[in-house]
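*Asks:* Got a predicted model here, sequence first, then my questions.
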Amino acid sequence: MAKAVALQYIGGPPEIPIGPVVVKRTGDLIQICWPKGLFKWGSIDIPPSDIIAVALNKDLKESRSLGKALAGAAIGGILTGGVGALVGAAVGGRSKTKDQSTIVMRARYKGSEMDFLFSDKHPSLAISSLTSLLR
């Protein structure tokens, strides 16, 4: 069971600044902690019973690099001629998929339901660790 998860806070209650946070379980509370300076931390506490849901909003972005496509075309053209330029452009300009998914934690906080939004380089792993904190 994970004891803490380091994430990027990207939105929700305004008292938490945008940036790095640590979500951890401390006794019977879930704490969201953020750095406030050298050796100082701010935090809020949420009882696990007040967490309504944790979900992953999938957002996959596909992109192509024009520069890499042109470089591949140039190298392919130099090495093998016209057909090589086409193949080099296709290989050099392959698409890359970037996962920009958002982790959403809905909780009762200060008398109303609020969404806490987080991101991570590996959101599927992060949400798994986060949900294990709530058990």
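*Replies:* Sure, I can see it.
*Asks:* which secondary element of the chain has the worst mean pLDDT?
*Replies:* The helix or strand of the chain with the poorest confidence is helix 82-92; it has a mean of 52 (mean pLDDT, DSSP states H and E).
*Asks:* how about the helices of the protein, start to end?
*Replies:* For the chain, the helices defined by DSSP state H cover 66-80, 82-92, 123-134.
*Asks:* dump the residue contacts of the closest residue to Ser43 other than its chain neighbours.
*Replies:* Sequence neighbours aside, Cys33 is the residue nearest to Ser43 in space, at 4.3 Å (criterion: C-beta to C-beta, 6 or more residues apart in numbering). No exception for glycine: its C-beta is placed from N, CA and C like everyone else's. Going by C-beta atoms under 8 Å, 6 or more residues apart in numbering, Cys33 touches Val21, Val22, Val23, Lys24, Trp41, Gly42, Ser43.
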